[in-house]
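1. Show me the folded form of this:
(2 chains)
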There are 2 protein chains.
Amino acid sequence: MVGGGVVGLSVAWRAAKEGAAVTVIDPDPGGGASYAAAGMLAPVSEVTYTEEPLLRLGVDSLARWPRFAAELTEAGGDDLDLRSAGTLDVAFGADDLTALGELAEFMAKLDLPVERLTGRECRRLEPMLAPSVRGGLLAPGDSWVNPRRVTRALLTALSRLGVPVLRRRVAEVVVAGGTVQGVRLAAADAEPGSRGVRPGRPPLPHQDSGAAPEQIPADQVVLAAGAWTGSLPGVPGGVLPPVRPVKGQIMRLRTPYPALTRCVRGTVHGSPVYLVPRGDGEVVLGATQEEMGFDTRVTAGGLWEILRDARELVPGVTEWEVTDVVAGLRPGTPDNLPVIGRTALPGLLVATGHHRGGVLLAPLTADLVVRLLAGETIVDHSCSPSRFEESTE
Amino acid sequence: MVGGGVVGLSVAWRAAKEGAAVTVIDPDPGGGASYAAAGMLAPVSEVTYTEEPLLRLGVDSLARWPRFAAELTEAGGDDLDLRSAGTLDVAFGADDLTALGELAEFMAKLDLPVERLTGRECRRLEPMLAPSVRGGLLAPGDSWVNPRRVTRALLTALSRLGVPVLRRRVAEVVVAGGTVQGVRLAAADAEPGSRGVRPGRPPLPHQDSGAAPEQIPADQVVLAAGAWTGSLPGVPGGVLPPVRPVKGQIMRLRTPYPALTRCVRGTVHGSPVYLVPRGDGEVVLGATQEEMGFDTRVTAGGLWEILRDARELVPGVTEWEVTDVVAGLRPGTPDNLPVIGRTALPGLLVATGHHRGGVLLAPLTADLVVRLLAGETIVDHSCSPSRFEESTE
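-> Residues are numbered from 1 along each chain as shown, chains lettered A, B, ... in the order given. Prediction:
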């Protein structure tokens, strides 16, 4: 398993539970996009609701979350802060209201529970909302989870199953005789990856994996390296999917009192903004969407944009303490669908391209990959890597 | 010496050089307001130029800085990043231009070098300035320094002189027979003070000072505990000066190229904002001024205000990386002048109330306190603690 984000760790955990001999390789397990993510489990969002194949995947995976969370809580010994208090999408202007109306019709058509609200009704549910909110849409069953707790629980569960997690980079996928033989590790890094701007907390200690061999043999290799999956060396051209990094800057704040009950979302200045409250008083504000290549700098402009938009939604946010600022790279694909499955190279599988949906889609992805690793064939599968392989021929 | 900020450490260093037996006590030496400070050595600023006594102090201390810096660089073995490329104060509107004109006249009257510039001339000097800048004032000799390097050099210099620096809090000043006997230390803290939101860097290791006695005897005690100086227990009422915390939030950014040559200041939405460039590509953006009591939270509103104002001055700031965000508490006094001198309690001296000018005024303060410790009397002294003692009688 190359990649120790929420997707890679979920696949590794499920596969190890099924008895597979798994090794996870990631220089910073639980880091990257999973560390940045807010953790909304909302298949219908302002960005993607017109994309039905993706929506179907999300609804499918959401249905798997309760059991996934229950088993992981048991296996990882830690509360995931899974909450199901609903999402409130709000509108400021006439255009926003129209868009919400269309979203409501769409959700009703799919039998997803939804309720239209006036501005006053929105503020009755969430008193900190701005007076300028003119209406909203309540998805009462929407859920969210703390992704940092999810990856921590997955790492604990893997450790309990005896699965090695090597904190190393992969130098290349080793191919011989037309099949995958394993991976070769890069020299151990002096520095672990950055995890953004945080309140004086130490970086993860660099765990010396000097005992690990330089080459890890494997019959099957799953690449779940997020935005980096498309550029791993060693694989013949045209085999790896065309994933690109979509930068997201995101802030975590601490409120001295319970400030919000639900996830609150809206569109401000044309860009979507959300506030996700946790059980411990943390509120996550996000997120930018930037096509900047492999750039994980937290920038003045990114913070300013998030703060400007969040203030429009919830003016009282200005009083809250900033505890954490980070940038992650979502793995984006040309058709916004993930890439999950066997590649054209025997023994090589991929599980990436989840863009904004990695946390939501992790249980489904894990179940799919475990079936593929066991030799099953999944037909008529919208996430198949072959859709990109064909286009490169 | 109670307090290990730039003022306390400067006094301790100068006194130890003169042969005094000094002990410095601070739970986080080099932390607090000194850690937050931008380090401008500008006696004339947009806020204080109408206050002549303070200006005289600033001009006096500024004249002491070159020698202070040279000696400290030698003693501390570290470059302080002292730069003298000037300050550019810019104006956006007619009111701002009028205010700059008055400031120019005032500075000329004091024989301080100053030059009026058009907006075009400002942008020729600093091409990243906003097109909306209509004019400016260049103080070509203005200097600035990196306060974090200054406190680090002071700690090194003290260490070389064998001065103990105890990382502990003072529980109370010990008074008996109407004179100071020393201080009693609080139990060692489990946690060092917070230093704001930083890029995954470790907090200072907690240095166990278990070997230190609970009580430090001293003939003379200097309180340089910044905003906390007014509330130290053990001192009879009316003796300590009325200092209050004035919260300042401040950001540090990293530019990939030399972005600014000079300090750039302006007034945006009625509040002063500045950008201070360092030799290593860092730019300091500051700062809020908030009357919030002993509150060192970095808030969404504070960051938003700094970013909004800095963007007006230098739009390109949005592209820069945010590396550090911190809030400090400046020690403010009712008349905006520092409080330096002997108190009504024999053996007790204070050196605090420097507000925005602690770094600038450190050399002068150190020289004054060393003279006082040696038994000298300083007459007609605008910073005397007695001005507040009299008012409470």
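
2. Give me the mean pLDDT for whatever helix or strand residue A:328 lives in.
-> In this structure, residue A:328 is located in strand A:321-332 according to DSSP states H and E. For strand A:321-332, mean pLDDT is 96.

3. all helices of chain A, in order?
-> Taking DSSP state H to define them, one finds helices in chain A at A:6-17, A:32-36, A:52-76, A:94-109, A:119-125, A:147-160, A:300-313, A:358-373, A:386-392.

4. Go through those and find the least confident stretch.
-> Minimum mean pLDDT among the helices of chain A: helix A:386-392, a mean of 72.

5. so residue A:322 sits right up against residue B:298, yeah?
-> Yes: here residue A:322 reaches residue B:298: they are 4.7 Å apart, a contact under C-beta atoms under 8 Å. (Glycine included, C-beta is placed from N, CA and C.)

6. which of those two has more neighbours?
-> Applying other C-beta atoms under 10 Å in any protein chain shown to residue A:322 and residue B:298 shows that residue A:322 carries more neighbours, namely 27 against 23.

7. could I get the helices of chain A as TSV with distance to residue B:329?
-> As requested, the helices of chain A are exported to TSV (distance: least, C-beta to C-beta, whole Å):
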stretch	distance to residue B:329
helix A:6-17	40
helix A:32-36	31
helix A:52-76	41
helix A:94-109	42
helix A:119-125	36
helix A:147-160	31
helix A:300-313	23
helix A:358-373	39
helix A:386-392	56
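
8. Can you check which of the ones you listed gets nearest to chain B?
-> The closest approach between chain B and any of the helices of chain A, judged by C-beta to the nearest C-beta, belongs to helix A:300-313 at 2.8 Å.

9. does any bit of the closest one sit next to chain B?
-> Yes: Helix A:300-313 lies within reach of chain B by C-beta under 8 Å from any C-beta of the partner chain, at A:300, A:301, A:303, A:304, A:307, A:308, A:310, A:311.

10. and those residues as CSV, adding neighbour count and distance to residue B:293?
-> Formatted as CSV, those follow (neighbours: other C-beta atoms under 10 Å in any protein chain shown; distance: C-beta to C-beta, whole Å):
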residue, neighbour count, distance to residue B:293
A:300, 25, 28
A:301, 19, 32
A:303, 27, 26
A:304, 20, 27
A:307, 25, 23
A:308, 16, 27
A:310, 26, 25
A:311, 19, 24
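
11. what's the closest of the helices of chain A to residue A:279?
-> In terms of C-beta to C-beta, the element of these nearest to residue A:279 is helix A:147-160, at 10.3 Å.

12. Could you check the angle the strand holding residue A:328 makes with helix A:358-373?
-> Strand A:321-332 runs at 40 degrees relative to helix A:358-373, counting by axes from the mean of the first three to the mean of the last three C-alpha atoms, to 10 degrees.

13. what angle do strand A:321-332 and helix A:300-313 make?
-> Taking the same axes, to 10 degrees, one finds strand A:321-332 and helix A:300-313 inclined to each other by 110 degrees.

14. Now do strand A:321-332: which elements does it pack against?
-> helix A:32-36, strand A:244-254, helix B:300-313, strand B:321-332 (3 or more C-beta pairs under 8 Å, 6 or more residues apart in numbering or on different chains; DSSP states H and E).

15. List the buried residues in stretch A:248-265.
-> Neighbour-count burial for stretch A:248-265 flags A:248-255, A:259-260, A:262-265 (criterion: 16 or more other C-beta atoms under 10 Å in any protein chain shown).

16. now stretch A:226-244
-> Those would be A:226-230, A:232, A:234-235, A:239-244, for stretch A:226-244 by 16+ other C-beta under 10 Å.

17. Just those residues: which are in strands?
-> If you go by DSSP state E, the buried residues of stretch A:226-244 have residue A:244 in strands.

18. quick one on the thing from earlier: just name the closest of the residues of helix A:300-313 next to chain B to residue B:161, please.
-> Checking these against residue B:161 with C-beta to C-beta, the nearest one is residue A:300 at 41.0 Å.

19. who's in contact with residue A:236?
-> Taking C-beta atoms under 8 Å, 6 or more residues apart in numbering or on different chains as the contact definition, residue A:236 lies against A:175, A:345.

20. again, but for the one 3 residues further on
-> Under the criterion of C-beta under 8 Å, 6+ apart, the contact partners of residue A:239 comprise A:343, A:344, A:345, A:348, A:389.

21. Same list, these, but as a markdown table with neighbour count please.
-> Below are the contacts of residue A:239 laid out as a markdown table (neighbours: other C-beta atoms under 10 Å in any protein chain shown):
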| residue | neighbour count |
| --- | --- |
| A:343 | 24 |
| A:344 | 16 |
| A:345 | 21 |
| A:348 | 24 |
| A:389 | 16 |
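
22. The residues you listed also near chain B: which ones?
-> Taking C-beta under 8 Å from any C-beta as the test, chain B is in contact with none of the contacts of residue A:239.

23. As JSON lines, those residues with distance to residue A:155 would be great.
-> Output for the contacts of residue A:239, formatted as JSON lines (distance: C-beta to C-beta, whole Å):
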{"residue": "A:343", "distance to residue A:155": "27"}
{"residue": "A:344", "distance to residue A:155": "32"}
{"residue": "A:345", "distance to residue A:155": "29"}
{"residue": "A:348", "distance to residue A:155": "25"}
{"residue": "A:389", "distance to residue A:155": "33"}
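
24. domain parsing for chain A?
-> A:6-36+A:148-241+A:334-387, A:87-140+A:245-332 (automatic domain parsing).

25. Restrict stretch A:338-349 to CA atoms and write it as PDB.
-> Taking C-alpha atoms only, stretch A:338-349 is exported to PDB below (Å, rounded to 0.1, in the frame of the first residue of the first chain):
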ATOM      1  CA  PRO A 338     -12.100   8.900  -8.400                       C
ATOM      2  CA  VAL A 339      -9.900   6.200 -10.100                       C
ATOM      3  CA  ILE A 340     -10.200   2.900  -8.300                       C
ATOM      4  CA  GLY A 341      -9.200  -0.400  -9.800                       C
ATOM      5  CA  ARG A 342      -6.600  -2.500 -11.600                       C
ATOM      6  CA  THR A 343      -4.400  -0.800 -14.000                       C
ATOM      7  CA  ALA A 344      -3.200  -2.100 -17.400                       C
ATOM      8  CA  LEU A 345       0.000  -3.200 -15.600                       C
ATOM      9  CA  PRO A 346      -0.600  -6.600 -13.900                       C
ATOM     10  CA  GLY A 347      -0.400  -6.400 -10.100                       C
ATOM     11  CA  LEU A 348      -0.800  -2.600 -10.000                       C
ATOM     12  CA  LEU A 349      -3.900  -1.100  -8.600                       C
END
